[in-house]
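Asks: Fold the stuff below for me.
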Amino acid sequence: MAAQAKRVPLRKCTGCQEMKSKREMMRILRTTEGEIVLDTTGRKNGRGAYVCCSMECFEKAVRSKGLERSLKVQIPRETYESLKKEIESIEKR
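Replies: Numbers count the residues shown, from 1 in each chain. The predicted structure follows:
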């Protein structure tokens, strides 16, 4: 009997629309309280949207309103600004 290859979970980036492995991407989450946060663990409860780990893809997702569609909620400008700062700090690592 041949061993089956382990499947790699794929997710679509809301910015560039490319399918990539879940580990290569950041998850932006709408919690049950309606708060929008960056989920670094990928395990928090809530509705998630995935974006590549680049500022370029995040900005594309903001411009095209891909995050708003995926999370099914209007996102205020202040929330985008705080997410942008968090992503910049992650990119510097």
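Asks: And for the nearest residue to Leu10 once chain neighbours are set aside, the neighbour number?
Replies: Nearest in space to Leu10, with sequence neighbours left out and distances taken as C-beta to C-beta, 6 or more residues apart in numbering, is Met19 at 4.8 Å. Just so you know, the C-beta spots here come from the backbone N, C-alpha and C atoms, and that holds for glycine as well. Per other C-beta atoms under 10 Å, the neighbour tally for Met19 reads 9.
Asks: and Met19, bridged to which residues?
Replies: Note on Met19: beta-bridge partners by DSSP bridges are Lys12.
Asks: dump the residue contacts of it.
Replies: Leu10, Arg11, Lys12, Cys13 (C-beta atoms under 8 Å, 6 or more residues apart in numbering).
Asks: just checking, the first one touches Lys20?
Replies: Yes - in this structure, Leu10 sits in contact with Lys20. The criterion is C-beta atoms under 8 Å, and the distance is 6.7 Å.
Asks: So between those two, which is more surrounded?
Replies: In terms of neighbours (other C-beta under 10 Å), Lys20 is the more surrounded of Leu10 and Lys20; the figures are 16 against 13.
Asks: Please enumerate the strands of the protein.
Replies: Along the chain, the segments classed as strands by DSSP state E run 10-12, 19-21, 25-30, 36-39, 47-52.
Asks: Pull out the buried positions in the last one.
Replies: Residues of strand 47-52 classed as buried under the neighbour-count rule (16 or more other C-beta atoms under 10 Å) are Gly48, Ala49, Tyr50, Val51, Cys52.
Asks: tell me the angle the helix ranked longest in the chain makes with strand 25-30.
Replies: Counting residues, the longest helix found in the chain (DSSP state H) is helix 77-92. Using axes from the mean of the first three to the mean of the last three C-alpha atoms, to 10 degrees, the inter-axis angle of helix 77-92 relative to strand 25-30 is 160 degrees.
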